[in-house]
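[1] below are the sequence and a predicted model for it; my questions follow.
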Amino acid sequence: MDEKQFSSIVDRLDKILRLLAIETVKGKEKEQDKIDLLDSLGFKSTEIDRLLGKSPGYSSVVIAQLKRKKQPKVPVDTRTNVASSPEAGT
């Protein structure tokens, strides 16, 4: 297989991937939900931006915000303004 044939195959696979990704997120109304789904499927943020027609870096910001929301809240002792932990015996 020469370089031209390989390039043609890669181009076609890329188009198929785009169509499948668009079909997968079709029912999602919010961009945030689309990005979260594609991220969970293993797409990189640059790929997600390209698939959804967003500017570079858009989905990486959304992914960071989603990860921040999913992190468990650490209780803070308001008297000392220090995060309390079960091991500390507070």
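    Arrived safely, thanks for sending.
[2] what are the ranges of the strands in this protein?
    Assigned by DSSP state E, the strands in the chain fall at 76-77, 82-83.
[3] I63 reaches L37, doesn't it?
    No. Using CB atoms under 8 Å, I63 is not in contact with L37; the gap is 11.4 Å. Every residue, glycine included, has its C-beta placed from N, CA and C.
[4] least reliable of the strands of the chain by average pLDDT, please.
    When those are compared by mean pLDDT, strand 82-83 comes last with a mean of 62.
[5] look at K4 and report its pLDDT.
    92.
[6] same deal with L13?
    At L13, pLDDT is 93.
[7] tell me how far it lies from R68.
    Distance of L13 to R68, computed by CB to CB, to the nearest Å: 34 Å.
[8] in this structure, which helix or strand is least confident?
    Least confident helix or strand, the chain: strand 82-83 with a mean of 62, by mean pLDDT, DSSP states H and E.
[9] return the distance of the top helix by length along the chain from the chain's centre.
    Criterion DSSP state H: the longest helix present in the chain is helix 3-24. Distance of helix 3-24 from the chain centroid (CA atoms, centre = their mean, to the nearest Å) equals 21 Å.
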